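Colleague: Have a look at this fold, sequence not included:
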Ligand SMILES: Cc1ncc(COP(=O)(O)O)c(C=O)c1O
């Protein structure tokens with residue numbers, strides 16, 4: 001499967017099946033205009049928003065492993081829960097379509113947003129375009145309940161002859177998605193050595209934790225000491241820190257290797273999390289507009305806009321490091337779900 005990774009201290013990594021969606025590294029681009037704006041730092045962006053499935057984003061790397069597992073189990077239907085404007089859900093629907101599988105999506109009411117754009121445009125429109133069947137779950141803070149509801153729907157699907165595979169929402173399951181970012185860590189190391197580049201800090205959005213924990217775990221496992229800052233997009237710092245700690249241990253047991261991440265190596269910031277999931281503060285909006293107007297980057301108010309705001313603040317801080325890398329985790333279609341808010345900002 002992935003024999004090239006054997007012997008790199010990644011244990012069983014190559015044993016986990018992966019459906020390959022893209023096989024080339026995502027670009028690392030120098031951000032000339034924002035570097036000048038920062039005054040101190042050289043700023044780079046790794047364009048995981050440009051990997052090649054249905055508007056891309058970090059979830060592409062993650063679903064490669066969930067679909068690998070689903071296929072290995074003989075599933076013909078994939079099921080997933082997410083917020084209404086979930087990118088994870090959209091990418092799942094997209095890959096299911098491409099692989100000729102059915103897709104059932106459960107959308108949670110996680111954000112108090114009454115705008116019709118939020119409920120029908122952006123990712124929701126794409127979910128439907130890719131042919132997924134939508135279900136709704138009225139709670140937004142009940143991950144275990146949402147998973148239980150999805151299992152009930154799965155039972156009904158089995159009765160009708162389908163073979164469903166559930167991508168779980170709640171913690172405590174095998175973190176297969178994180179393997180996508182262990183893989184990204186290996187890719188990044190190769191890119192750095194090819195370009196003779198070194199970063200002092202990496203900024204990445206941290207929600208379920210699969211991206212942050214996978215990247216951090218992978219970098220440490222292959223001996224790259226760069227600081228990784230996870231920017232909270234889903235919950236406050238202490239809860240997220242604990243989630244990343246547990247996730248790193250889960251990755252170690254999945255791979256059957258020693259944990260490569262020490263507790264004090266886990267850095268989490270919730271400075272841009274507030275007022276809460278799916279809602280952006282004024283610094284986030286400023287960051288979205290600045291990155292768009294200086295570098296033509298598209299960032300959404302729920303995920304990548306928040307990590308960008310934290311990144312830009314760091315780039316302008318007095319002790320900002322020399323080289324900073326932003327992992328652009330995507331979220332592009334999400335901006336259409338927030339069209340009303342974009343329009344209000346544009347006309348202000
Ligand atoms: C665009 C985007 N960035 C970042 C994240 C956070 O990634 P993770 O859930 O792996 O922590 C998400 C999660 O849905 C996302 O959609």
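Modeller: Thanks, I have the structure now. Keep in mind that this is a model prediction, so the values were computed, not measured.
Colleague: can we go C-alpha only for contacts and neighbour counts from here?
Modeller: OK.
Colleague: By proximity to the ligand, which residue of the stretch 1-150 of the chain wins?
Modeller: Using Cα to the nearest ligand atom, residue 87 is the residue of the stretch 1-150 of the chain that sits closest to the ligand, at 4.4 Å.
Colleague: so how many other residues sit close to that residue?
Modeller: By other Cα atoms under 10 Å, the residues close to residue 87 number 29.
Colleague: Next: the one 5 residues further on.
Modeller: Under the neighbour criterion other Cα under 10 Å, residue 92 is assigned a count of 29.
Colleague: just checking, it touches residue 64?
Modeller: No - if you go by Cα atoms under 8 Å, residue 92 and residue 64 don't touch, sitting 9.4 Å apart.
Colleague: What residues does the residue of the stretch 1-150 of the chain closest to the ligand make contact with?
Modeller: By Cα atoms under 8 Å, 6 or more residues apart in numbering, the contact list for residue 87 reads 57, 59, 123, 331, 333-334.
Colleague: shaky segments in this protein?
Modeller: 1-7 (pLDDT under 70).
Colleague: Flag every residue of it that's near the ligand.
Modeller: Taking Cα under 6 Å from any ligand atom as the criterion, the chain approaches the ligand at residues 57, 86-88, 205-212, 303-304, 329-331.
Colleague: go with 5 Å
Modeller: For the chain, the contact set with the ligand under Cα under 5 Å from any ligand atom comprises 87, 205-211, 303, 329-331.
Colleague: need the helices for the chain, in chain order.
Modeller: Secondary structure of the chain, counting by DSSP state H: helices at 32-38, 58-72, 87-98, 116-120, 122-129, 143-159, 176-195, 210-221, 237-255, 282-295, 304-315, 334-337, 339-347.
Colleague: Determine which of those approaches residue 135 most closely.
Modeller: helix 143-159 (9.1 Å; Cα to Cα).
Colleague: if I look at residue 110, how far off is residue 336?
Modeller: Per Cα to Cα, to the nearest Å, residue 110 is found 18 Å from residue 336.
Colleague: How many neighbouring residues does the residue nearest to residue 124 when sequence neighbours are not counted have?
Modeller: Leaving aside its sequence neighbours, residue 124 sits nearest to residue 85 (Cα to Cα, 6 or more residues apart in numbering; 6.3 Å). Here the number of neighbours of residue 85 (other Cα under 10 Å) works out to 30.
Colleague: now do residue 308
Modeller: By other Cα under 10 Å, 30 other residues sit near residue 308.
Colleague: same deal with residue 271?
Modeller: Look at residue 271: counted by other Cα under 10 Å, it has 16 neighbours.
Colleague: who touches residue 111 in this structure?
Modeller: By Cα under 8 Å, 6+ apart, the residues touching residue 111 are 83, 140, 277-279.
Colleague: how about a cut-off of 7 Å?
Modeller: residue 278 (Cα atoms under 7 Å, 6 or more residues apart in numbering).
Colleague: related to what we said a few turns ago, so which of the helices of the chain is nearest residue 231?
Modeller: helix 304-315 (5.4 Å).
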